[in-house]
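Peer 1: Quick one: sequence plus predicted model below, questions after.
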Amino acid sequence: MGFLIRVVVNAFAIWVVTLIPALQVTVVPFPPGDTLQLVLTLLIVAAIFAIVNTIIGTVIKVLAFPLYILTLGLIGLLINAFLLWLTAWLTHWWNWGLRVEDFWWGVVAAIIISLINWIFGIFLRPKKD
């Protein structure tokens with residue numbers, strides 16, 4: 001259940017990022033490109049992003065632990081942007097998916113996605129008694 005909530009929140013965060021044209025991050029929906037196809041594309045891209053973040057992101061974060069200490073955690077911004085760019089690269093093989101035109105705007109997009117995930121995480125996190 002937690003994975004599904006994470007995918008929906010990621011899909012919402014990616015959709016919010018695509019609403020900001022300056023970031024040059026877009027989602028190309030399935031043909032014919034109606035609202036349903038856009039929502040399904042966002043959910044699939046968010047699921048791919050969650051899987052990439054879980055598997056590859058964990059490995060990179062463990063290996064980059066000394067860099068986290070050295071940069072006081074700022075390397076995490078670049079790692080998150082790299083994972084977003086990797087998700088875009090994985091979906092570029094089809095005629096649909098995530099498109100990130102510039103890596104540095106991808107850093108800003110990754111920061112916004114992280115902030116949205118953090119805010120939703122505060123409200124959706126299970127309460128401990």
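Peer 2: Nice, thanks for sending it over. Residues are numbered from 1 along each chain as shown.
Peer 1: what comes up buried for the longest helix anywhere in the chain?
Peer 2: Determined from DSSP state H, the single longest helix within the chain is helix 35-63. For helix 35-63, burial by neighbour count (16 or more other C-beta atoms under 10 Å) applies to 38, 41-50, 52-53, 57, 60-61. (Each C-beta comes from the backbone N, C-alpha and C, glycine too.)
Peer 1: Show me what the helix or strand that that helix is followed by is packed against.
Peer 2: Per DSSP states H and E, helix 35-63 leads on to helix 65-70 as the next helix or strand towards the C-terminus. Packing partners of helix 65-70 (3 or more C-beta pairs under 8 Å, 6 or more residues apart in numbering; DSSP states H and E): helix 75-91.
Peer 1: Next, the angle from the helix it packs on to helix 35-63.
Peer 2: Following axes from the mean of the first three to the mean of the last three C-alpha atoms, to 10 degrees, one obtains 130 degrees for the angle between helix 75-91 and helix 35-63.
Peer 1: Which pLDDT value belongs to Asp129?
Peer 2: Here, the pLDDT recorded for Asp129 equals 62.
Peer 1: swap in Pro29?
Peer 2: 89.
Peer 1: quick one, phi/psi of it?
Peer 2: Main-chain dihedrals, Pro29, degrees, to the nearest 10: phi -80, psi 170.
Peer 1: swap in Glu101?
Peer 2: phi -80, psi -30.
Peer 1: ok now do it, which residues does it touch?
Peer 2: Shown in contact with Glu101 (C-beta atoms under 8 Å, 6 or more residues apart in numbering): 24-26.
Peer 1: Please pick the buried ones from those.
Peer 2: 24-25.
Peer 1: any chance of the contacts of Glu101 in JSON lines, with secondary structure too?
Peer 2: As requested, the contacts of Glu101 are exported to JSON lines (DSSP: H, G, I helix; E, B strand; the rest coil):
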{"residue": "Gln24", "secondary structure": "coil"}
{"residue": "Val25", "secondary structure": "strand"}
{"residue": "Thr26", "secondary structure": "strand"}
